[in-house]
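K.L.:
generate a structure from the sequence data that follows.
(one chain, ligands or ions: 1)
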Amino acid sequence: MSQSAPPKALTATDIRARKGTTPLVCLTAYTTPVAKIADGECDLVLVGDSVGMVLHGLPSTLAVTMEMMILHGQAVARGLSKALMVVDMPFASYEESPAQALRNAARLMAETGCGAVKLEGGCHMAETIRFLVQRGIPVMAHIGLTPQSVNALGGYHVQGKGEDAAQILKDAKAVSDAGAFSVVLEKVPAALADEITAQIPIPTVGIGASAGCDGQILVIDDMLGLFDQFKPNFVKRYAHLAQDATRAVSAYATEVRARDFPAAEHIFTDKTAIKGEKS
Ligand code: KIV
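P.N.:
Next up is the predicted model:
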């Protein structure tokens, strides 16, 4: 019997310590089997509020609820043993006050077992991040394109172009100073992402940002080609599972209609009945 201890999951402190070392591999997951696949390679698995669009067919992340995040968080937790699990705080679960954020972040941690939460916002969320961190809740920040603000931003555009770059840099410094253990940089120009990565002491995790970030994250259904309603131009498709699934369903339908499925190996024969024996 093996004497080795079970693998220990990474913590927010471990992720923080990876600044400037080997790139952090991060993906989203929303279900147990996909979490198991991601756990084999990832340092951090995010139960993103993208679950609303990717699995529930919602038009944006705005209608995602605490209950959805808890249900998917619990499913993902069952598939992870090594990666840090981070759960997104859904829209309107933290913006009202630091006390509201604490109540909901603590609930996410208690009910899913996640090691950290993620929330969107820069300077204006710094006070809340500090409040949570001082009370024992590791926080991953998310700046640049913040999808929960899609209506205020006027769409899913690149953020931080030209003079707007200074504000994103301020946001990065504010969340870092407030105690976030890492920060997602979404859809910002590569030079700005590199500048932020050089200037702040916590790992930057890019999505549509720069290969120079301290890590990368993608929505797993995007990179597997499972969610193919649209493809943001920063996504690389590493597989085409929706096409494969469509082909498989079509082959199944053809075989059922032709009575080719089930075949002999998929059905049960009652040999005792044939031989007239009693079992
Ligand atoms: O919800 C999500 O999947 C995210 C990632 C895109 C970073 O926030």
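K.L.:
so what's residue 27 up against?
P.N.:
Applying C-beta atoms under 8 Å, 6 or more residues apart in numbering, we find residue 27 in contact with 38, 42, 45, 46, 217, 218, 219, 220, 223. Bear in mind the C-beta positions are built from the backbone N, C-alpha and C, glycine included.
K.L.:
distance check, residue 106 against residue 136.
P.N.:
9 Å (C-beta to C-beta, to the nearest Å).
K.L.:
could you check which of the two is surrounded by more residues?
P.N.:
residue 106 (15 against 10; other C-beta atoms under 10 Å).
K.L.:
so who does the more buried one touch?
P.N.:
So residue 106 contacts residue 137 (C-beta under 8 Å, 6+ apart).
K.L.:
how much space separates it from residue 137?
P.N.:
For residue 106 relative to residue 137 (C-beta to C-beta), the value is 7 Å.
K.L.:
which residue does the stretch 1-150 of the chain have closest to the ligand?
P.N.:
As assessed by C-beta to the nearest ligand atom, the ligand sits closest to residue 48 within the stretch 1-150 of the chain, at 2.3 Å.
K.L.:
count the residues that sit near the nearest residue to that residue once chain neighbours are set aside.
P.N.:
Once flanking residues are discounted, residue 48 sits nearest to residue 28: 4.2 Å by C-beta to C-beta, 6 or more residues apart in numbering. Residue 28 has 29 neighbouring residues, counting by other C-beta under 10 Å.
K.L.:
can you classify residue 272 by secondary structure?
P.N.:
Taken by DSSP: H, G, I helix; E, B strand; the rest coil, the conformation at residue 272 corresponds to helix.
K.L.:
what ranges do the strands span in the stretch 101-250 of the chain?
P.N.:
Assignment of strands within the stretch 101-250 of the chain using DSSP state E, counting those that start in this stretch yields the ranges 116-120, 139-144, 182-186, 204-207, 215-218.
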